[in-house]
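K.L.:
curious how this folds, go ahead:
(2 chains)
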Amino acid sequence: MTDHTSNTATDNVAAHGGQGPRRGNLFARFVGATELDTRLLGMVGALALIWVGFHVYGELANGFGAFLTPRNLWNLTVQTSSIGIMACGMVLVIITRNIDLSVGSILGFCAIIMGVVQVNILPQYLGLGHPLIWIIAILCGLAIGTAIGAFHGALIAYGRIPAFIVTLGGLLVWRGAAFLVARGETISPVDPTFSLLGGGPYGSIGAVGSWIVGIIGCVAVIGLIAFGRRQRVRFHFPLRPIWAEAVLAALGCAVVIGAVQLVNAYYWPSGIVRRYAEAEGITVPEGGLEISHGFAIPVLILLAVAIVMSVVMRMTRFGRYVYAIGGNPEAAELAGINSRMMTVKIFAIMGFLAGLSAVVASARLNSATNALGELDELFVIAAAVIGGTSLAGGIGTIYGAILGALVMQSLQTGMVLVGFDAAMQRVVVGGVLVLAVWLDILYRRRSK
Amino acid sequence: MAQTQTARQAGGTPLVELRDISIAFGGVQAVDAVSLDLYPGEVVGLLGHNGAGKSTLIKILSGAYKKDSGEILINGERVEIDSPADARRHNIETIYQTLALADNLDAASNLFLGRELTTPLGFVDDAKMEAETRKILAKLNPNFRKFSEPVSALSGGQRQSVAIARAVYFNAKILIMDEPTAALGVHETKMVADLIHELKAQGLGIFLISHDTREMMELCDRVSVMKNGQMIGTERVEDVTEDDILSMIIMGKNPKREPVPA
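P.N.:
Numbering: from 1, shown residues only, chains lettered A, B, ... in the order given. Okay, here's the model as predicted:
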């Protein structure tokens, strides 16, 4: 409510009473009354355009639109997880006017460490398949990611070395270190429980689990709206009209339920069903067994990260200070904020999230290689920036970054589906990044 | 003013006493053994050219800079002020020349920056903070409306109101105002002057920095003139003319205390 990460025309409208402007067309009234961020709407629109565009292109060019299928969209969510998780941290880094080029290398290094721990070290002591192996491996990865991030942060904050240089060094150092640790070998296969965290049929929570998540989601949407309204009543702030609240609640719930139906509409491949049936001693009926994937575990991890980070950014002092430092570093210092310590903490969070992404990425691959996460830093930065994070500092949101990651991944996936080669993909992704930032600059200039 | 003079004449303890404060940046002695005091209910004006050391001196008191040498006494007790937080702990509030607002945050977030109100769960209580902000700004600037917009969207006067509200909200005992009227129109300048009178009546001590000599003569009880990091002199406004002050600023000599010690 207060962070105003996107100073939009909507905010102006909202400030003058919240009942929405009396003038303007239906859409303007709707946006005014619901106080929806027009920037957010724009991004959702762009995403929809990309999705429909690739689908239609596929239908026309290849005779088969593969994009808007449960299978592709499910895969899209899984592929977005790793970048999305890191983008949540990159938002904080960029808001405070820094940059982190090392996240891909940290990811690779953490993945190798976790691989070595769970494949080469722990089985010697605990025995292969011990239930503690995956937990210890993950804790190692997260701890190392956090430590590397904090170290980078300390060099930046106390050593006064520009973040660009520290993390450029980190990009090389940790990639090289990842190679040295495993002498360039690929470490595989990882612990079976660990590999569930990467998604796949077994790494998903199924139809019932997904519905439970969906119901929790709907309750949360309605609860948040009700709580917001109660707060406004308590302090006599202007209220949104009831119909706007109802529309928001309905929209939120529709998105949640739609997502549940989508992931539940993607069934296990028949080969895996057969193996599963054999293992469980079930006979597969005539028409085949339809087992829903449901939400993949990495997607739930991303969701959890997004929720926690959004709460941190919007509702804690820490988050407020992140924005304050980005908005005016001198003012933040004068307000008694220890911005050096904040920098260390922010980079530590970034490192932690890179470690978490390493879990997801290596689990998904079922192996750890020293090349894991190469070029990820660029995709993560691009996701954050496309998602509205301003490189000038002070502005950015978690949900924006995740939408940005989804846009990046949608482009990648879409181009693979319609048969663009790797070179063409890079051309398009690079162009879109620049275009998105330019549009954002135009938008901000206009709304001033 | 009468009350002030009695407080000073009665030989009471000054609210703030700066003794032989010095600070150097690189080779430049920005503040050179300057002493200054401030009594409750008193307004002391600091005058001087740009670069005379006024802002540097008060930034030492507000914790933004660390002095190289000298002593700070608050209510007669020696204190160490190493950070803005230390200054705030001693009820010293500052309105900076730059206002020191985070442009991307709204009025309430700026007002409570570093001192956020929190809910029992430890989350920032935005609704409460906005309600408090509305209350105090209703007193300071009844025309203020833009509570939910980032302060970058506000006019100069409105931004000033936010900075002033931040300084007075937290029960300041000592207020430092660095050119509070520099960016303001006539009407708003009058509002600041009224506010200074009101705060004075409440017993606050105020350091005021300004270039406007006439304004200083009206608002202050005493004026101190600095030049090249040194204190030229401190005089009660009744004892000097505007011309005296101007000559102190320009010549760096105190006509009342001739000859000037080299």
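K.L.:
C-alpha only now, for contacts and for neighbours.
P.N.:
Noted.
K.L.:
list the contacts of the closest residue to chain A within chain B.
P.N.:
Closest to chain A within chain B is residue B:100: 4.3 Å, counting by Cα to the nearest Cα. Contacts here follow Cα atoms under 8 Å, 6 or more residues apart in numbering or on different chains; on that basis residue B:100 touches A:328, A:330-332, A:334, B:163.
K.L.:
can we see that at 6 Å?
P.N.:
residue A:331 (Cα atoms under 6 Å, 6 or more residues apart in numbering or on different chains).
K.L.:
does it belong to a helix, a strand or coil?
P.N.:
When classified by DSSP: H, G, I helix; E, B strand; the rest coil, residue B:100 comes out as coil.
K.L.:
which pLDDT does the model give it?
P.N.:
As predicted, residue B:100 sits at a pLDDT of 93.
K.L.:
give me phi/psi at it?
P.N.:
With angles defined as degrees, to the nearest 10, residue B:100 sits at phi 50, psi 50.
K.L.:
ok, residue B:98 next?
P.N.:
Dihedral angles for residue B:98 - degrees, to the nearest 10 - are phi -80, psi 0.
K.L.:
any idea how far the most centrally placed residue in chain A is from chain B?
P.N.:
The centre of chain A sits closest to residue A:84, judged by Cα atoms, centre = their mean, with a distance of 2.2 Å. Per Cα to the nearest Cα, to the nearest Å, residue A:84 is found 25 Å from chain B.
K.L.:
which strands and helices lie in contact with the helix or strand hosting that residue?
P.N.:
Assessed by DSSP states H and E, residue A:84 sits inside helix A:70-95. Applying 3 or more Cα pairs under 6 Å, 6 or more residues apart in numbering or on different chains; DSSP states H and E, we find helix A:70-95 packed against helix A:297-315, helix A:339-365, helix A:376-386, helix A:398-418.
K.L.:
and the third one, what does it pack onto?
P.N.:
I take that to be helix A:376-386. helix A:70-95, helix A:103-115, helix A:398-418.
K.L.:
confirm residue A:67 sits in a strand?
P.N.:
No. According to three-state DSSP, residue A:67 belongs to no strand; its state is coil.
K.L.:
what's the closest non-adjacent residue to it?
P.N.:
residue A:55 (4.8 Å; Cα to Cα, 6 or more residues apart in numbering or on different chains).
K.L.:
rewinding a little: dump the helices and strands packed on helix A:70-95 into JSON lines; add mean neighbour count as well.
P.N.:
Below are the helices and strands packed on helix A:70-95 laid out as JSON lines (neighbours: other Cα atoms under 10 Å in any protein chain shown):
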{"stretch": "helix A:297-315", "mean neighbour count": "19"}
{"stretch": "helix A:339-365", "mean neighbour count": "26"}
{"stretch": "helix A:376-386", "mean neighbour count": "26"}
{"stretch": "helix A:398-418", "mean neighbour count": "24"}
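K.L.:
can I get those helices in TSV with mean pLDDT?
P.N.:
Shown next, in TSV, are these (pLDDT from 0 to 100):
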stretch	mean pLDDT
helix A:297-315	96
helix A:339-365	97
helix A:376-386	93
helix A:398-418	92
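K.L.:
rewinding a little: in a markdown table: the helices and strands packed on helix A:376-386, plus distance to residue B:179.
P.N.:
Below are these laid out as a markdown table (distance: least, Cα to Cα, whole Å):
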| stretch | distance to residue B:179 |
| --- | --- |
| helix A:70-95 | 30 |
| helix A:103-115 | 45 |
| helix A:398-418 | 39 |
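K.L.:
circling back to that earlier point, surely the residue nearest to the centre of chain A and residue A:405 touch.
P.N.:
Yes. Counting by Cα atoms under 6 Å, residue A:84 touches residue A:405, with 5.4 Å between them.
K.L.:
per-residue confidence for residue B:195?
P.N.:
Note for residue B:195: predicted pLDDT of 90.
K.L.:
what about residue A:120, neighbour count?
P.N.:
Neighbour count of residue A:120, defined by other Cα atoms under 10 Å in any protein chain shown: 12.
K.L.:
check the gap between it and chain B for me.
P.N.:
43 Å.
K.L.:
can you list the residues of chain A near chain B?
P.N.:
With Cα under 6 Å from any Cα of the partner chain as the criterion, chain A meets chain B at residues A:3, A:15, A:315-316, A:324, A:327-328, A:331, A:334-336.
K.L.:
how about the residues of chain B by chain A?
P.N.:
B:84-85, B:100-105, B:114, B:123-124, B:148.
K.L.:
identify each buried residue in stretch B:88-103, please.
P.N.:
By 16 or more other Cα atoms under 10 Å in any protein chain shown, the buried positions in stretch B:88-103 come out as B:88, B:90-97, B:99-103.
K.L.:
what's the answer for stretch A:112-123, then?
P.N.:
Buried residues in stretch A:112-123, counting neighbours by 16+ other Cα under 10 Å, are found at A:112-119, A:122.
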